[in-house]
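**Q** the sequence isn't on hand, but the structure is:
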C-alpha cells in the first residue's frame, strides 16, 4: 500500500502547476534546430512578430506541440486512474488492458487497408478498436464476476494486447507503401502536431476530462464493494458504463492524435496516491497534472537524446515506465 506524504492538496496542486508551467516554457525553446532563446519564447506568445523566425517556430511548431503533450498526458493519466478504480486493480492501465493496442489497431486498419477514411474517421476507428479490445479483456479476465482474480485480468490484457499488436504489424506488412508512416505513428511522437490537431483533441478531451472530475465522488464508492454501493442507491451498471465511455474517449482520441503512448496511465496514478492519498477527488486532478508534466518532460528528452534528430517520446516513456511496472508487480501493488 502506498502511504501519502504529509502534503496539503492545495500545496501539491500549486507546486505541480508551477513545475508544469516551467517545463512548458523550457520545451518551447530547448533543443531547437532554429536557435530560440528563453526570452524569444516568451515574446512569441505575448508579443508575436511574424518577421522573426524564432517567433514563428515557437508559435507555429513548438506551442501546439507542447500543449498537445500536456493534454494527452493528462488524459492518459486520468484514464489510468479511472481504470484502476473501475477494476479495483492497481495494475490496470490503458496499455496493459489492451485499450492502447486496440485503438492502434483501429487506426492502422483505417490507414493501411481497404477501409476508406471517408467512411470512418481515425478517432472513431481508434475508439472502436479500443472498445473491442477492452471488452475482450474484461470478458476473458472475468472482471464483472465477484471474486475475480487480478492475475487473470492481467493475463487477458497481455494476451489481447499481443494479438492486437500482431494484427497491426500484419496490416503494415500488407500495405508496405504506408509502413513508414504507420510505424512512426505507432512509436508515439508529438513531432507532427499542429494547431488543427490540438483543436480537435481539446474539443473532445477537455469536456471528457471535466466529466471525469465531476464524477469523482461516485468513483470513491467503487472501493466499498458492489453490495455496499448498491445499498446506497447507486446504479452501479450505469456508473461503470459511464466510466468505460470516458476512458475510451480519453484513450482513443489521444492515440489517434499522437500514437501509442504507454505507461502514463499505469505509473502516474500511483505517484498521485503517494502525494495525496486515496480520495479520487484529489487523486484525479493531481494525476492529470503529473501526467502532463511527465509527457512534456519525455518530449524534451526525446529531442535531447539524439539532437538534432528525434527519438519518439513513446520510446522514452517506455524506458521510464517498464522498470516502474516491474517494481509494482514485484511489490504486489
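**A** Perfect, thanks for sending it. In this text the structure is predicted, and so the values were computed from the model without any measurement. Numbering: from 1, shown residues only.

**Q** centroid-nearest residue for the chain?
**A** Centroid-nearest residue in the chain, with C-alpha atoms, centre = their mean: residue 76, separated by 2.2 Å.

**Q** gap between that one and residue 155?
**A** Going from residue 76 to residue 155 by C-beta to C-beta, to the nearest Å gives 23 Å. C-betas here are computed from N, CA, C, even on glycine.

**Q** now the strands for the stretch 101-250 of the chain?
**A** In the stretch 101-250 of the chain, no strands are found when defined by DSSP state E, counting those that start in this stretch.

**Q** residue ranges with poor pLDDT in it?
**A** Along the stretch 101-250 of the chain, segments meeting pLDDT under 70 span 113-120, 142-151, 176-179, 181.

**Q** show me where it has helices.
**A** 122-140, 150-174, 179-187, 195-214, 216-221, 226-231, 236-258 (DSSP state H, counting those that start in this stretch).

**Q** would you turn those into TSV with distance to residue 326 and mean neighbour count?
**A** As requested, these are arranged in TSV below (distance: least, C-beta to C-beta, whole Å; neighbours: other C-beta atoms under 10 Å):
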stretch	distance to residue 326	mean neighbour count
helix 122-140	21	22
helix 150-174	13	18
helix 179-187	22	17
helix 195-214	28	16
helix 216-221	28	16
helix 226-231	31	12
helix 236-258	23	22
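
**Q** ok, the closest residue to residue 129 other than its chain neighbours - contacts?
**A** Leaving out its chain neighbours, the residue that sits closest to residue 129 by C-beta to C-beta, 6 or more residues apart in numbering is residue 106, at 2.6 Å. Neighbour list for residue 106: 125-130, 132, 252 [criterion: C-beta atoms under 8 Å, 6 or more residues apart in numbering].

**Q** switch to 10 Å and redo it
**A** 115, 120, 122-133, 164, 168, 252, 255-256 (C-beta atoms under 10 Å, 6 or more residues apart in numbering).

**Q** repeat that for residue 213.
**A** When contacts are counted by C-beta under 10 Å, 6+ apart, residue 213 touches 78, 219, 280-281, 284-285, 288.

**Q** which of those count as buried?
**A** Neighbour counting with 16 or more other C-beta atoms under 10 Å marks 78, 219, 280, 284-285, 288 as buried within those.

**Q** and these, which two are the farthest apart?
**A** Maximum pairwise distance among those (C-beta to C-beta): 13.9 Å, between 219 and 288.

**Q** would you turn the helices of the stretch 101-250 of the chain into CSV with distance to residue 85?
**A** Shown next, in CSV, are the helices of the stretch 101-250 of the chain (distance: least, C-beta to C-beta, whole Å):
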stretch, distance to residue 85
helix 122-140, 14
helix 150-174, 14
helix 179-187, 28
helix 195-214, 10
helix 216-221, 5
helix 226-231, 12
helix 236-258, 7
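
**Q** between the buried ones among the contacts of residue 213, which is closest to residue 46?
**A** Once C-beta to C-beta is applied, the member of the buried ones among the contacts of residue 213 that ends up nearest residue 46 is residue 288, at 25.9 Å.

**Q** which of the three states applies to the closest one?
**A** helix (DSSP: H, G, I helix; E, B strand; the rest coil).

**Q** ok, the residue lying closest to it once chain neighbours are set aside - how many residues close by?
**A** The shortest distance from residue 288 to any non-neighbouring residue, by C-beta to C-beta, 6+ apart, is to residue 74 (3.8 Å). Residue 74 sits with 29 neighbouring residues when counted by other C-beta atoms under 10 Å.
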